[in-house]
Structures are given as C-alpha cells and as structure tokens.
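Trainee: turn this into a model:
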Amino acid sequence: MKNTLKTQLEIIKMNEIKPNFSSLEREYGYDRRTIKKYYEGYAGKSKTRERRSKLDSYREEIEEKMQIKGVTITGVYQYIVKKYGFEKVGCYCNFYHYVKKHEYVRAKKEKGHPRYETAAGKQAQIDWKEDIRLKSRNGEEYNFNVFNYKLGNSRYCHYVYKQNRRREDVYESLIESFIECGGVPEEILCDNMSSIVDIDGKTRKINEKFRQFAKDFGFEIKLCKPRHSYTKGKVESNNKFLDWLKPYDGEFGDEAELIDIIKLINRTVNTQVCQGTGVTPMLLFQEEKEYLKPLPSEQIIQYYLELDKPVQVQSDSLVHYSKKKYSVSPEYIGKWVFIKEESGFVNIYYQEKVIASHMKTDKKINYREEDYMALMRASSSSEKIDDYAKENLKMFDRLL
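Mentor: Sure thing, here's the model as predicted:
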C-alpha cells in the first residue's frame, strides 16, 4: 500500500474524522475492505518470516554432539553429512550459521603467533594425537593413537592408526607416510617424543637408534623449541581435525570401521581448501612430491618393518624369533608378545614388561626349565612328570 494513503489514514484517525472508504477506493485504486483493514490497525505482512530449516530434523542430535568437550563445528558437520548425506544436510556455511544461531558453541579467543613457511620437499612435521578413547555401538572401548605426518609446504597429511607409541610404531608410521607420499623430505620436525628423544634434565638428545633410522632414510631430525609448540603449528593445527572423531563415539561397529572413518577424515582434510595457502593440500602436493628425495632400498625398508613385530605364544608355550623358538610361562599361551634382541639376550615383553630372557644360542628350541616344567605339570598329574620333563629338555638341547 502506498505511503501517501497510509499517511492520509493516520491524519483522518488523528482528527477523528469518519473516513469515506468508497471515495478512498476510487482515489487510490485499493479495495475499500483493504483500506478499512489498514485503518483499523493492520500493519501488513512481515517482511521477514521464520523459515523452517532442513537441519531442524537433526536439531537434537546436532545439539547433543556439540556438547561433547573439544568437539568442533566442522567435526559435527562431517559426522552429520556422513550419516544422512549432503543432499539432506546441505552446505557447511548453512550448518555453521545454524549452530551459531542456536548458540550451540561459544567463540574461542585465539592467541597470535609467528607464521612459518617451508620450501617444497624441505620439511615434514610429525606428532601424535594421543590416548583417544571411543566406544563402539556395542559398548566396547577403544583406546588408540593417531600418528600425524604433514608436509610443510603443501600441508598434505597422512594419518596412521596405532595402538601404541613405541619407537617401532614411529618407524612404521613414517615408512607408511613416506610410501604414501612417494618420497622423503630433507628434514622432519618433531617435539620431545619419548620414543625418539632422550631427555636428561634440560638436555635433549636424539637416541642413536632413531638417528640411524634417519640416516638410512636420508633425512635430518629437527626438534621444535621448548615451550614453542607453534614452530610445528602446521601439524598441531592439523591435529584439530582429529577432533572430528568425537561425534563418532558410540556410532561405529568395530576397529576396521573406525580405521575407515580416520581414512575418510584424512581424505577430507587433504581435499579441503587450506586457509593458509588458499588451495587444497592435494593440489599443492602434486608439485611438492617432485621435490621429495627417493625412498631407500627395499632391503632397508623391510629391515625396519620387521623390527619388534608382535608374535603370539603358541600352545607349546613357545614363540618364533629369527627361525628359532623361545619359551615363556604357560600363562601367556595365546597372548601377543614382543621380542627384542638386547646385548646378546633375546628378551620377551608383554605389556612393556620382560616376562622371559634367553641367552641367544644356535639351538632351534630354547626352553627355560621352569617354563617347560609348568607346561608338563599342567598336562599331566604323573608323579614322574619332572623326570620326563628333564629328559625331554636334554633332547631339545641336541636339536641344533
């Protein structure tokens, strides 16, 4: 309705004049009933009206997931998209504004820090996302770690699921990352990983075994400055993406599905536009990989991959190592143990505790007397079982 008519109606009302709606209809061309309705106080339709969002269907679930400590909006968005599909959820921008509108998250105050850039092929940063705890749909708890390898120039990253954070796990994770990227950078930056850095008071030193690994693969090791974690800020910021796992608590079936979810997050991170570069890591990686140093020989790779592999204790209470067999107590039958050769001894570990130690020999079968005795007593109640056991042990000694 024209403003002039509205003004005239206000004047008529202020002067308490009885309006002639028929005359006003002829003058302004509006139906007299419409003019009367405005005269009696109708203000017209609202220019803004509340539209129902497609996300309202998932409002309770979104709110529930946003209450998880440390979770991010992007993490919940990725979870909802995976569960219901992009067509039903829509773009991230709308999701972000929906969450902000309903005040599901508070803005965080960010601290400033210097920005560091590296040349293509120059550096990769590594870190652990430690002690992640998630439950499956059937209530089984998974406590695991994710190794994060990130090339400094392209921001291309590779995640590796690991149960432990031993030196051998770092070897395997780095080798898998090198193979994934097709080469080795000039240097690798890390913090004080206990598996590769020895700390004595204020002194930090790369342990010799990892130094040899770096030499064999042709890269240098750089330690970030103490209390300056931002020097490896690229990989630190990348660890935030692993918070996308939090909405999956109670939403996956088994370990295989959990690993697939980590791989999906990894692919998503590598194909999203990076704020620091303005392009996707995958695109820049196509250029950076040309600057990486070649992998070492297959012999060197296999040597490190075969180190300290878990082995299962067999029903005869023996474990296989270097084409020979060594015994442990029968109580460990069926369990998985680790074997390390140290100072001429073959040491067998269970949950980081030495459960058996054998002097390295050329014998094919190496039983400790107490292990074999316990095994025989568990299988027979004969009074002469100890005599039989000792005779058998003598026969094993002849098997070279």
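
Trainee: any idea how far I333 lies from F219?
Mentor: Using CB to CB, to the nearest Å, one gets 42 Å for the distance from I333 to F219. Bear in mind the C-beta positions are built from the backbone N, C-alpha and C, glycine included.

Trainee: between the two, tell me which one has more neighbours.
Mentor: For I333 against F219, the residue with the higher neighbour count under other CB atoms under 10 Å is F219, and the figures read 20 against 16.

Trainee: that one and V184 touch, don't they?
Mentor: Yes: using CB atoms under 8 Å as the test, F219 is close enough to V184 to be in contact (5.4 Å).

Trainee: what do those two both touch?
Mentor: Shared between the contact lists of F219 and V184 (criterion: CB atoms under 8 Å, 6 or more residues apart in numbering) are residues K293.

Trainee: give me the three-state assignment for A120.
Mentor: Taking DSSP: H, G, I helix; E, B strand; the rest coil as the rule, one finds A120 in the coil state.

Trainee: contacting residues for it?
Mentor: Remark: with contacts taken as CB under 8 Å, 6+ apart, A120 is in contact with 153-154, 287-288, 290-291.

Trainee: let's see it at 10 Å
Mentor: Taking CB atoms under 10 Å, 6 or more residues apart in numbering as the criterion, A120 is in contact with 151-154, 185, 284-285, 287-292.

Trainee: same list, these, but as TSV with secondary structure please.
Mentor: Supplementary listing: the contacts of A120 in TSV, determined by three-state DSSP:
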residue	secondary structure
L151	strand
G152	coil
N153	coil
S154	coil
P185	coil
L284	helix
F285	helix
E287	helix
E288	helix
K289	helix
E290	helix
Y291	helix
L292	coil
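
Trainee: now, which of those residues sits nearest T277?
Mentor: Checking the contacts of A120 against T277 by CB to CB gives L284 as the nearest, at 6.2 Å.

Trainee: buried subset of the contacts of A120 as a PyMOL selection?
Mentor: One line in PyMOL is enough to select the buried members of these, burial here meaning 16 or more other CB atoms under 10 Å:
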select buried, resi 151+152+153+154+185+284+285+288+289+291+292
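
Trainee: can I get the contacts of A120 in JSON lines with pLDDT?
Mentor: Putting the contacts of A120 into JSON lines (pLDDT from 0 to 100) gives the following:
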{"residue": "L151", "pLDDT": "95"}
{"residue": "G152", "pLDDT": "91"}
{"residue": "N153", "pLDDT": "92"}
{"residue": "S154", "pLDDT": "94"}
{"residue": "P185", "pLDDT": "97"}
{"residue": "L284", "pLDDT": "94"}
{"residue": "F285", "pLDDT": "96"}
{"residue": "E287", "pLDDT": "94"}
{"residue": "E288", "pLDDT": "95"}
{"residue": "K289", "pLDDT": "94"}
{"residue": "E290", "pLDDT": "95"}
{"residue": "Y291", "pLDDT": "96"}
{"residue": "L292", "pLDDT": "96"}
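
Trainee: now F95: how far from Q272?
Mentor: Between F95 and Q272 the computed distance is 14 Å (CB to CB).

Trainee: all the strands of this protein, residue numbers only.
Mentor: Secondary structure of the chain, counting by DSSP state E: strands at 123-135, 141-151, 157-162, 187-190, 197-200, 203-206, 220-223, 311-312, 318-321, 324-327, 336-342, 345-350, 353-359, 365-366.

Trainee: about what we covered before: biggest separation within the contacts of A120, which pair?
Mentor: Farthest pair in the contacts of A120 (CB to CB) is G152 and E290. Separation: 15.3 Å.

Trainee: contacting residues for the residue lying closest to F252 once chain neighbours are set aside?
Mentor: Leaving aside its chain neighbours, F252 sits nearest to L258 (5.1 Å; criterion: CB to CB, 6 or more residues apart in numbering). For L258, the contact set (CB under 10 Å, 6+ apart) comprises 132, 134, 136, 142, 144, 161, 245, 248, 251-252.

Trainee: do the same with K54
Mentor: Contact criterion CB under 10 Å, 6+ apart gives 84, 87-90, 94, 98 as the residues in contact with K54.

Trainee: need those residues in CSV with pLDDT, can you?
Mentor: Listed next are these as CSV, based on pLDDT from 0 to 100:
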residue, pLDDT
Y84, 90
E87, 87
K88, 88
V89, 88
G90, 88
N94, 88
Y98, 89
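
Trainee: need the max-distance pair from those.
Mentor: Applying CB to CB across these, the maximum distance is between E87 and Y98, 16.3 Å.

Trainee: between these two, who's got more neighbours?
Mentor: Ranked by neighbour count (other CB under 10 Å), E87 and Y98 place Y98 first, with 21 against 8.

Trainee: what's the distance between the more buried one and Y104?
Mentor: For Y98, the distance to Y104 (CB to CB) stands at 9 Å.

Trainee: return the distance of the closest residue to D169 other than its chain neighbours relative to Y326.
Mentor: Closest residue to D169 in three dimensions, ignoring its sequence neighbours and counting by CB to CB, 6+ apart: K162, at 4.9 Å. Using CB to CB, one obtains 26 Å as the distance from K162 to Y326.

Trainee: list the contacts for Q8?
Mentor: The contact partners of Q8, by CB under 10 Å, 6+ apart, come to 2, 19, 24, 27-28, 35, 39.
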